[in-house]
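[1] Take a look and give me a structure for this.
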Amino acid sequence: MHKRVMDGGPADDTHATSTEDLMIAVEELVRHVRRSATAGGLSTAASSALGRLGREGPQRLTELARAENATQPNMTQLVTRMERAGLVRRVADRTDGRGRLVEVTELGEEVFRERRAERAEALGQLVGELSEPERQAVRVALPALARAIQERS
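    Predicted structure coming up:
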């Protein structure tokens, strides 16, 4: 991880600089963990959509596109490719017979679990390379950031 982030940097660092260093560290961490997940040979977009469906359950295509910050035509293409690969299927919305939901298949759930395990292993290896005080800082900081994100939603 970026040394100045873990050390706190010099006392006269500005808030903007430390925030920038933290952002760089987060970007590097996310890239590393994402690259470690190879199960299913998915693109970043497909992995993200499959992950969202795996965590949150079936969604309308428009909701999925919005949540993934994609256009509806792009999400339609992505879901079609994922459907052909057997990862997702479209089903009737039980609450609105006119609507369709995208849901994960058994194969999709398996790929989702495998990718999550690969990412967890990669993160675990990184954390294992840290000193005990750094590991403790990560155990406290990452859940706190996740909680802050959830509270904004």
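
[2] so is R89 in a helix, a strand, or just coil?
    The local conformation at R89, judged by DSSP: H, G, I helix; E, B strand; the rest coil, is strand.

[3] residues touching it, list them.
    Neighbouring residues of R89 by Cβ atoms under 8 Å, 6 or more residues apart in numbering: E83, V102, E103, T105. (Each C-beta comes from the backbone N, C-alpha and C, glycine too.)

[4] filter the residues you listed to the buried ones?
    Buried members of the contacts of R89, counted by 16 or more other Cβ atoms under 10 Å: V102, E103, T105.

[5] A67: which of the contacts of R89 is nearest?
    Among the contacts of R89, V102 lies closest to A67 (Cβ to Cβ), at 11.4 Å.

[6] Can you spell out which residues form a bridge with the closest one?
    Q59, R90 (DSSP bridges).

[7] pretty sure it contacts V79?
    Yes. Using Cβ atoms under 8 Å, V102 is in contact with V79, at 5.5 Å.

[8] Quick check: neighbours shared by these two?
    Joint contacts of V102 and V79 (Cβ under 8 Å, 6+ apart) are L61, L64, V88, R90.

[9] neighbour-wise, which of those leads?
    Highest neighbour count within these, by other Cβ atoms under 10 Å: V88, with 27 neighbours.

[10] Which parts of this protein are helices?
    Using DSSP state H, the helices of the chain run over 3-7, 15-36, 44-56, 61-67, 72-84, 106-128, 132-152.

[11] Which pLDDT does the model give the residue nearest the centre of the chain?
    Closest residue to the average C-alpha location of the chain: S48 at 5.9 Å, with Cα atoms, centre = their mean. Predicted confidence (pLDDT) for S48: 93.

[12] phi, psi of the residue lying closest to it once chain neighbours are set aside?
    Sequence neighbours aside, E68 is the residue nearest to S48 in space, at 6.0 Å (criterion: Cβ to Cβ, 6 or more residues apart in numbering). When read as degrees, to the nearest 10, the backbone of E68 gives phi -90, psi 0.
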